[in-house]
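# Next come a sequence and a model predicted from it.
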Amino acid sequence: MNDEDKALRRAGLGMMLLFWLIVMGLGVWWFQGFIDDRRNPNADLARLAGSEGEPITLERNASGHFVATGYIDGEPVEFLLDTGASLVSIPAALADRLGLQRGATADFNTANGRVRGHLTMIDEIELGGLKAKDVRGSINPGLGGSTALLGMSFLRRFDIEIRGAKMVLRPTGQG
């Protein structure tokens with residue numbers, strides 16, 4: 001085998017290696033998108049939202065929860081909708097990032113037991129085209145991650161309808 005054949009063979013092997021690296025990279029990219037969509041099927045809600053005050057429809061994620069992306073004071077936040085929570089509950093690290101003021105200390109009964117946190121007032125929460133101002137919340141040092149619990153201090157301002165894998169939120173009084 002002469003030098004020209006060897007160089008051609010090396011080029012072919014290099015191109016084959018490059019091809020498989022691209023195929024694997026695209027597979028990882030697709031699979032990550034698939035996993036993200038199963039975790040938060042409503043991630044595009046903020047971008048795709050209709051007019052302000054229009055009803056929004058959420059889908060359950062693969063775990064059976066309603067997770068959606070919205071805004072606290074204009075900053076994007078991932079929410080877990082929790083009709084069993086009295087207040088919007090925000091992890092301490094997220095509250096710091098959002099610049100939320102810590103108010104009075106309070107004890108909260110959570111699924112993980114009793115925790116001590118702080119009360120806070122949130123200027124504005126937006127989910128899709130639905131907005132609420134002056135929403136009571138709690139800063140919870142026991143919550144990990146960056147997902148806030150969207151409790152009844154926000155949700156009670158809207159009509160909630162849950163049927164199967166869908167939740168519809170609409171301004172109160174819309175039928």
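Sure thing, it's come through.
# CA atoms for contacts and neighbours, from now on please.
OK.
# counting residues per helix, which one in the chain is longest?
The residue-count maximum for a helix in the chain (DSSP state H) belongs to helix 3-39.
# Centre of the chain to that one, how far?
With CA atoms, centre = their mean, to the nearest Å as the basis, helix 3-39 stands 31 Å off its chain's centre.
# Which strands or helices does that helix pack on?
With contacts defined as 3 or more CA pairs under 8 Å, 6 or more residues apart in numbering; DSSP states H and E, helix 3-39 has no helix or strand neighbours.
# Now do it, average pLDDT.
For helix 3-39, mean pLDDT rounds to 76.
# how about the strands in the protein?
Remark: strands assigned in the chain by DSSP state E are 56-59, 67-72, 75-81, 88-91, 105-110, 113-127, 130-140, 147-150, 158-163, 166-171.
# how much space is there between residue 168 and residue 140?
27 Å (CA to CA, to the nearest Å).
# Which one's more surrounded, the two?
residue 140 (25 against 15; other CA atoms under 10 Å).
# ok, now how distant is the residue positioned nearest the centre of the chain from residue 4?
For the chain, residue 78 is the residue whose C-alpha lies nearest the centre (CA atoms, centre = their mean; 2.4 Å). Going from residue 78 to residue 4 by CA to CA gives 58 Å.
# next one: residue 73
65 Å.
# Would you mind telling me which of the two has more residues around it?
Between residue 73 and residue 4, residue 73 has the larger neighbour count (other CA under 10 Å), namely 16 against 9.
# what number of residues lie near residue 141?
17.
# And the nearest residue to it once chain neighbours are set aside, how far from residue 114?
If the residues on either side of it in the chain are set aside, residue 141 comes closest to residue 92, at 4.8 Å by CA to CA, 6 or more residues apart in numbering. Here residue 92 is placed at a distance of 16 Å from residue 114 (CA to CA).
# out of these two, which sits in the busier spot?
residue 92 (23 against 11).
# mind listing what that one touches?
With contact set as CA atoms under 8 Å, 6 or more residues apart in numbering, residue 92 has these partners: 139, 140, 141, 142, 143.
# what about residue 70, neighbour count?
Neighbour number of residue 70 under other CA under 10 Å is 25.
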